[in-house]
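Enquirer: Sequence first, predicted model second:
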Amino acid sequence: MSGPAGEIYRVDWLPGTDVLHGTCHCGAEHTAEDPTAMWEWMLAHPAGHETRGAGDGGS
């Protein structure tokens, strides 16, 4: 998905799990099992966006 300013959001499914790994255009990463929660986190920028490592669960 790309926003109006050309921002790139990426969501990958981790094979063999129910886990999604998302990367925001700002570089912050987040994991979640619920696709709706993942997109809400991404689109809530900058709320909850702190650059974090993969797999930490983010918030």
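Expert: Looks like it came in fine. Numbering: from 1, shown residues only.
Enquirer: And residue 58, what's its pLDDT?
Expert: For residue 58, the model assigns a pLDDT of 48.
Enquirer: tell me which element the spatially most central residue of the chain is part of?
Expert: With distances taken as CA atoms, centre = their mean, residue 22 lies nearest the centre of the chain, 2.9 Å away. Using DSSP states H and E, residue 22 sits in strand 20-23.
Enquirer: Could I have the CA atoms of that strand written out in CSV?
Expert: Output of strand 20-23 as CSV, limited to C-alpha atoms (Å, rounded to 0.1, in the frame of the first residue of the first chain):
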residue,chain,number,x,y,z
LEU,A,20,2.2,-10.8,10.3
HIS,A,21,5.3,-8.7,10.3
GLY,A,22,4.8,-5.1,9.3
THR,A,23,7.2,-2.4,8.3
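Enquirer: Need the residues that contact that strand.
Expert: Residues outside strand 20-23 that contact it (CB atoms under 8 Å, 6 or more residues apart in numbering) are 9-14, 29-33, 35, 38, 41-42, 54-55. C-beta here means a position set from N, CA and C on the backbone, and glycine is covered the same way.
Enquirer: May I see the buried residues of that strand?
Expert: 20, 21, 22, 23 (16 or more other CB atoms under 10 Å).
Enquirer: What of stretch 27-38?
Expert: Buried-residue list, stretch 27-38, by 16+ other CB under 10 Å: 28, 29, 30, 31, 32, 38.
Enquirer: wait, which of these is closest to residue 47?
Expert: Closest approach to residue 47 among these (CB to CB): residue 28, at 11.0 Å.
Enquirer: ends of stretch 12-20, how far apart?
Expert: Stretch 12-20 has an end-to-end distance of 6 Å (CA to CA, to the nearest Å).
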